[in-house]
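Here is my input, please return the structure:
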Amino acid sequence: DSMTLLYYEMNICAEYLHCTHEEFQSLPRAERLKWYYYAELRGKKEQNFYMKQRDKLSSSVDFLKKGGRKKYR
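Model (predicted):
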């Protein structure tokens with residue numbers, strides 16, 4: 001998808017490089033590939049973090065629904 005690629009490139013420009021899309025396109029191919037890889041890894045780490053937080057929250061809610069008492073420190 002050219003639209004998906006454009007979205008990822010614009011995200012890289014906005015989040016990491018703070019440059020225009022044209023400036024990103026003018027980078028050497030190897031440099032662009034490095035940024036694609038970095039953005040992919042970063043996205044996976046963030047996704048894993050949010051998944052863990054969601055799981056913690058849902059397990060706490062399930063525990064309370066079962067009549068358990070949550071201990072706060």
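
CA atoms for contacts and neighbours, from now on please.
Will do.

neighbouring contacts of stretch 45-56?
Stretch 45-56 has contacts (CA atoms under 8 Å, 6 or more residues apart in numbering) with no other residue.

can you count the residues close to the closest residue to residue 19 other than its chain neighbours?
Using CA to CA, 6 or more residues apart in numbering and skipping residues adjacent in sequence, the residue nearest residue 19 is residue 13, 5.2 Å away. Close neighbours of residue 13, defined as other CA atoms under 10 Å, add up to 18.

Look at the closest residue to residue 24 other than its chain neighbours and give its secondary structure.
Among residues not flanking residue 24 along the chain, residue 13 sits closest, at 6.9 Å (CA to CA, 6+ apart). The three-state label given to residue 13 by DSSP: H, G, I helix; E, B strand; the rest coil is helix.

Residue 13 touches residue 25, doesn't it?
No. With contact defined as CA atoms under 8 Å, residue 13 does not reach residue 25; the gap is 10.1 Å.

List the buried residues in the helix or strand harbouring residue 7.
Assigned by DSSP states H and E, residue 7 belongs to helix 2-12. In terms of neighbour count (16 or more other CA atoms under 10 Å), helix 2-12 has its buried residues at 9-10, 12.

ok, residues contacting that helix?
21, 24, 35-36, 39.
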